[in-house]
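# Need a 3D model of the following:
(one chain, ligands or ions: 1)
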Amino acid sequence: MADVLTAEAVEQELGGLAGWSGDSSGISRTVELASFPDAIAVVDRVAVVAEELDHHPDIDIRWRTLTFRCVTHSAGGVTVRDLALARRIDEIVRSAR
Ligand code: HBI
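Below is the predicted model:
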């Protein structure tokens with residue numbers, strides 16, 4: 001099982017991500033899409049990647065605003081799996097805008 005990263009390590013990794021914030025307990029990013037269908041299309045694409053990685057974000061959907069939260073539930077904190085998922089979410093969001 002992946003180890004929980006230190007707050008310093010998470011802070012360091014957040015520097016390479018687009019618009020994520022958080023700490024060892026979890027990282028999150030909020031994005032606004034052009035429409036509700038566009039937001040759901042992003043969620044659909046994230047679902048495919050989450051299944052591929054076997055690692056799933058918490059997703060809050062409010063009209064066209066999405067908030068993704070990544071934490072490794074089985075480890076009780078942020079691991080490299082969350083960072084890998086966050087990078088893939090950034091790719092999907094970037095290509096959806
Ligand atoms: N997703 N965020 C998150 N955290 C987990 O611990 C997790 C998961 N997706 C699947 C999963 N655990 C397990 O089913 C597999 O790691 C075996």
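# centroid residue for the protein?
A86 (3.8 Å; CA atoms, centre = their mean).
# so that residue touches V31, yeah?
No. The pair A86 / V31 is not scored as a contact, 11.9 Å apart, by CB atoms under 8 Å. Just so you know, the C-beta spots here come from the backbone N, C-alpha and C atoms, and that holds for glycine as well.
# List the buried residues for stretch 29-42?
29, 31, 33, 39, 42 (16 or more other CB atoms under 10 Å).
# so can I have a markdown table of those showing secondary structure, pLDDT and distance to the ligand?
Shown next, in a markdown table, are the buried residues of stretch 29-42 (DSSP: H, G, I helix; E, B strand; the rest coil; pLDDT from 0 to 100; distance: CB to the nearest ligand atom, whole Å):
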| residue | secondary structure | pLDDT | distance to the ligand |
| --- | --- | --- | --- |
| R29 | strand | 98 | 14 |
| V31 | strand | 98 | 18 |
| L33 | coil | 98 | 22 |
| A39 | helix | 98 | 20 |
| V42 | helix | 98 | 18 |
